[in-house]
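Engineer: give me a 3D structure for the following:
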Amino acid sequence: MLYLILTMGFLAGVLFIYGSYYILAADRLALEARLAQLTSSSKDKDLEIDEELSKPFMDRIIKPALNWLANITKRVTPARKKEGLEKALVLAGSPGNLSANEFQALHYALAILLGIVGFIFASISKSELVMKFFFTLGGVFFGYVLVKMYLQIRTKNRQEEISRELPDVLDLLNVSVEAGLGFDAALQRVVQKTSGPISKEFSKTLQEIKMGKQRREALKDLALRTGVNDLNTFISAVIQADQLGVSIGNVLRIQSEQMRLLRRQRVEEKAMKAPIKMLLPMVLFIFPTIFIVLLGPAVIQMMEHLM
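Structural biologist: Purely as a prediction, here's the structure:
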């Protein structure tokens, strides 16, 4: 009984001391809790700022601005034009991973920016009002045409690179299939051993097949994304062989030989066109200088004798 009384007294003393300390130091404890909360929130805010600053400049500044402009331009862009722009971006390899609305906004922004530059240049040169108008209009027109030229040049270079790499890729496919790999595994080997646009397109095709799309549809989408006639011919042959049950190895061997023949013919065609292309600069720049060097002294002597 004595031990119980002592224990109860000890617990009552501890609770009394703790309660007294909590009552007397309540303001201090509340202040410490508030400071801890502010410190944790400031650390979280610093982490958010550091995370935001660690992102590329394109994601932090350019993308939000483009999204804001895209929300404005998509209201005035016709649906048919948007579809055509989406196809053009796909053929160009989706530069910057921009959507059609974002690219259209960038297109308009560049045209307006170059128009402003033209107006500033005309103002600095103290031109008349008519010249300022023409400089501004010329800047807008140049900015509008420049983006279209960029897409066309990028698409052409990408298609030429795919056509140039296609024979080597088909050789690797043929060797892989003859070594016992399936067609999908051979495509995976091509993706691992090569680089460039054709490797990226094959990788995307394999991802679509793994996600459940039929191989025939994935290959057709590949042909639409590239727009290369040689690759379209190869895909048509593979699809036809798959439908008819023909050996894919024979098809790959024949297609590889045909693609190499086509590449050789293109090189020969370019070699035959070279003299004709060289004729114009020779007539405009080389022949006049030769005539000046050869006939110049004779003309000078004739003028001296006649005078």
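
Engineer: let me see the domain layout of the protein.
Structural biologist: For the chain, automatic domain parsing gives the domain ranges 59-157, 160-269.

Engineer: put together CSV for the ones you listed, with distance to Ile286 on each row.
Structural biologist: Any C-beta I mention is one placed from the backbone N, CA and C, and that applies to glycine too. Below are those laid out as CSV (distance: least, CB to CB, whole Å):
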stretch, distance to Ile286
domain 59-157, 28
domain 160-269, 25
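
Engineer: out of those, which is closest to Glu304?
Structural biologist: domain 59-157 (46.7 Å; CB to CB).

Engineer: where in the stretch 1-150 of the chain is pLDDT low?
Structural biologist: For the stretch 1-150 of the chain, the stretches flagged by pLDDT under 70 are 1-31, 38-66, 68, 70, 76.

Engineer: please enumerate the strands of it.
Structural biologist: Ranges of strands in the stretch 1-150 of the chain, per DSSP state E, counting those that start in this stretch: none exist.

Engineer: number of residues surrounding Ser127?
Structural biologist: If you count neighbours by other CB atoms under 10 Å, Ser127 ends up with 15.

Engineer: ramachandran angles for it?
Structural biologist: phi -80, psi 170 (degrees, to the nearest 10).

Engineer: show me what contacts the closest residue to it other than its chain neighbours?
Structural biologist: Of all residues not flanking Ser127 in the chain, Phe135 sits nearest, at 7.1 Å (CB to CB, 6 or more residues apart in numbering). With contacts defined as CB atoms under 8 Å, 6 or more residues apart in numbering, the neighbours of Phe135 are 118-119, 121-122, 127.

Engineer: 10 Å instead, please
Structural biologist: Residues near Phe135 by CB atoms under 10 Å, 6 or more residues apart in numbering: 115, 117-123, 125, 127.

Engineer: report the buried members of these.
Structural biologist: Among the contacts of Phe135, those buried by neighbour count (16 or more other CB atoms under 10 Å) are 115, 118-119, 122.

Engineer: name the helix or strand for Asp242, please.
Structural biologist: Using DSSP states H and E, Asp242 sits in helix 229-244.

Engineer: mind checking the pLDDT average for that helix?
Structural biologist: For helix 229-244, mean pLDDT rounds to 86.

Engineer: flag every buried residue along it.
Structural biologist: 230-235, 237-239, 241.

Engineer: after it comes which helix or strand?
Structural biologist: Taking DSSP H and E, what comes next after helix 229-244 is helix 248-281.

Engineer: next helix or strand past that following helix?
Structural biologist: With elements assigned by DSSP H and E, the helix or strand that comes after helix 248-281 is helix 287-306.

Engineer: residues making contact with that following helix?
Structural biologist: 281-282.

Engineer: quick one: that helix to helix 248-281, angle?
Structural biologist: Angle of helix 287-306 versus helix 248-281, following axes from the mean of the first three to the mean of the last three CA atoms, to 10 degrees, is 10 degrees.

Engineer: where do the helices sit along this structure?
Structural biologist: Along the chain, counting by DSSP state H, helices occupy 2-24, 26-53, 57, 63-73, 79-91, 100-124, 129-178, 183-193, 197-210, 215-226, 229-244, 248-281, 287-306.

Engineer: identify, from the buried ones among the contacts of Phe135, the entry nearest to Leu222.
Structural biologist: Closest approach to Leu222 among those (CB to CB): Gly115, at 39.8 Å.

Engineer: Arg263 versus Leu106, what's the distance?
Structural biologist: 36 Å (CB to CB, to the nearest Å).

Engineer: quick check, central residue of the protein?
Structural biologist: Pro95 (2.5 Å; CA atoms, centre = their mean).

Engineer: now the helix holding Asp242 and helix 129-178, what's the angle there?
Structural biologist: 40 degrees.

Engineer: now helix 229-244 - C-alpha only, PDB.
Structural biologist: Output in PDB follows, covering the C-alpha atoms of helix 229-244 (Å, rounded to 0.1, in the frame of the first residue of the first chain):
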ATOM      1  CA  ASN A 229       9.400   6.300-101.400                       C
ATOM      2  CA  ASP A 230      12.100   3.700-101.000                       C
ATOM      3  CA  LEU A 231      11.100   2.900 -97.400                       C
ATOM      4  CA  ASN A 232       7.400   2.800 -98.500                       C
ATOM      5  CA  THR A 233       8.400   0.200-101.200                       C
ATOM      6  CA  PHE A 234      10.200  -1.900 -98.600                       C
ATOM      7  CA  ILE A 235       7.300  -1.700 -96.100                       C
ATOM      8  CA  SER A 236       4.800  -2.700 -98.800                       C
ATOM      9  CA  ALA A 237       7.000  -5.700 -99.700                       C
ATOM     10  CA  VAL A 238       7.200  -6.800 -96.100                       C
ATOM     11  CA  ILE A 239       3.500  -6.500 -95.500                       C
ATOM     12  CA  GLN A 240       2.800  -8.400 -98.700                       C
ATOM     13  CA  ALA A 241       5.200 -11.100 -97.700                       C
ATOM     14  CA  ASP A 242       3.600 -11.400 -94.300                       C
ATOM     15  CA  GLN A 243       0.100 -11.700 -95.800                       C
ATOM     16  CA  LEU A 244       1.200 -14.400 -98.400                       C
END
